[in-house]
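**Q** sharing a sequence plus its predicted fold:
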Amino acid sequence: MIVDTSVVYALLDRNDRHHAMTVEWYEATLPAFTTTPLILAEIDHLAGSRAGTRAQSMWRQDLANDAYEVIWWAGAARESARIAEQYDDLQIGLADASLVALARRLQTVEIATLDERHFRALRPVQGGDAFRLFPLDAS
């Protein structure tokens, strides 16, 4: 499942308002997470600046243990930039745009994110009219 910064951060930070719900969903489903290098950088920054060095260290240990599949391909930056420009009115960043591009590449509409503001408005490049957001849409 494609994963956004918000879900990983909620798993890391016990003080995050979505922590309990996200942990419950994660433990019930144990999804295999796939993401882009842009998301890795966001998570690393937030973990260190908001949750502290212990959370950042735990995050980096997960990376070192291959807990996340990271996909980047020739043309990914170009495609992400085009998607970000297409949704300029929403002010999405390249990181979110990279997940839309990754969803197209993997032919999925499922994204683990708590960012409803952006991902409810973004449309899949192919494969559906809307993204399914987890854990929010889990039932």
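**A** In hand now; what should we look at?

**Q** contact partners for Val125?
**A** Contact analysis of Val125 by C-beta atoms under 8 Å, 6 or more residues apart in numbering lists Ile83, Val100, Ala101, Ala103, Arg104. Where C-beta positions appear, they are placed from N, C-alpha and C, glycine not excepted.

**Q** where do the strands of this structure begin and end?
**A** Here the chain has its strands, by DSSP state E, at 2-3, 33-35, 68-70, 110-112, 132-134.

**Q** and the third one, what's buried?
**A** Looking back up the chat, that one is strand 68-70. Within strand 68-70, the residues scored as buried using 16 or more other C-beta atoms under 10 Å are Tyr68.

**Q** quick one: strands adjacent to that strand?
**A** In the sheet, strand 68-70 lines up against strand 33-35 (parallel) (DSSP bridges).

**Q** need the residues that contact stretch 6-25.
**A** For stretch 6-25, contacts defined as C-beta under 8 Å, 6+ apart pick out 26, 33, 39, 43, 46-47, 50-51, 55, 58-59, 112-115, 134-135, 138.

**Q** redo the strands of the chain as TSV? Include mean pLDDT.
**A** Converted to TSV, the strands of the chain look like this (pLDDT from 0 to 100):
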stretch	mean pLDDT
strand 2-3	98
strand 33-35	98
strand 68-70	98
strand 110-112	97
strand 132-134	97
